[in-house]
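Peer 1: Requesting a structural model of the entry that follows:
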Amino acid sequence: MSDTDFVTMYHYLFLGLILFLIGIIGSIVSKNVIKVLISIEFMLTGININFITFASYCDNYKFDGYIMALFYVGLGAAELAVALYIFYLMFQKKESDCMEDYSN
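Peer 2: Numbering: from 1, shown residues only. Predicted structure coming up:
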């Protein structure tokens, strides 16, 4: 195997950046509440990839990046559960999933 066959730290950072940008673009462009929530989860996934990358390549004995990634996974699950419940209550009142209907 040559040196070009290995995946470097920059490949993981680029993947995290791409996921984060997909999340930002999706949350700005989308008018559907569920799509915005999924876009926020994409952003959290990009952040987690960066935490794991820096923990793997730069911090070999403290494991701070892994702990932060686990914290963000738990935070993302709690955020998604609360947001879906709020969306459920809003959907019962307006019977629409478009964000423009909830401005009033």
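Peer 1: Going by C-alpha atoms from here, please, whenever you check contacts or count neighbours.
Peer 2: Fine.
Peer 1: neighbours around Ser103, how many?
Peer 2: 6 (other C-alpha atoms under 10 Å).
Peer 1: so the most centrally placed residue in the chain is in which element?
Peer 2: The residue lying closest to the centre of the chain (C-alpha atoms, centre = their mean) is Leu44, at 2.3 Å. Using DSSP states H and E, the element containing Leu44 is helix 33-57.
Peer 1: re earlier: how near is the residue nearest to the centre of the chain to Tyr66?
Peer 2: Applying C-alpha to C-alpha, to the nearest Å, the value for Leu44 to Tyr66 is 14 Å.
Peer 1: what's the answer for Asp97, then?
Peer 2: Between Asp97 and Tyr66 the computed distance is 36 Å (C-alpha to C-alpha).
Peer 1: Kindly report the same for Lys93.
Peer 2: Applying C-alpha to C-alpha to Lys93 and Tyr66 gives a distance of 41 Å.
Peer 1: Who has more neighbours out of these two?
Peer 2: Tyr66 (19 against 10).
Peer 1: I'd assumed Phe51 was in contact with that one.
Peer 2: Yes. Between Tyr66 and Phe51 there is a contact under C-alpha atoms under 8 Å: 6.8 Å.
Peer 1: from the chain's centre, how far out does the lowest-mean-pLDDT helix or strand in the chain sit?
Peer 2: Every helix and strand of the chain was ranked by mean pLDDT, DSSP states H and E. The lowest is helix 64-94, at a mean of 85. Its chain's average C-alpha position is 11 Å from that of helix 64-94, according to C-alpha atoms, centre = their mean, to the nearest Å.
Peer 1: Which other helices and strands does it contact?
Peer 2: Applying 3 or more C-alpha pairs under 8 Å, 6 or more residues apart in numbering; DSSP states H and E, we find helix 64-94 packed against helix 33-57.
Peer 1: Buried ones in the helix it packs on, by neighbour count?
Peer 2: Neighbour counts over helix 33-57 (16 or more other C-alpha atoms under 10 Å) mark 33-37, 39-55 as buried.
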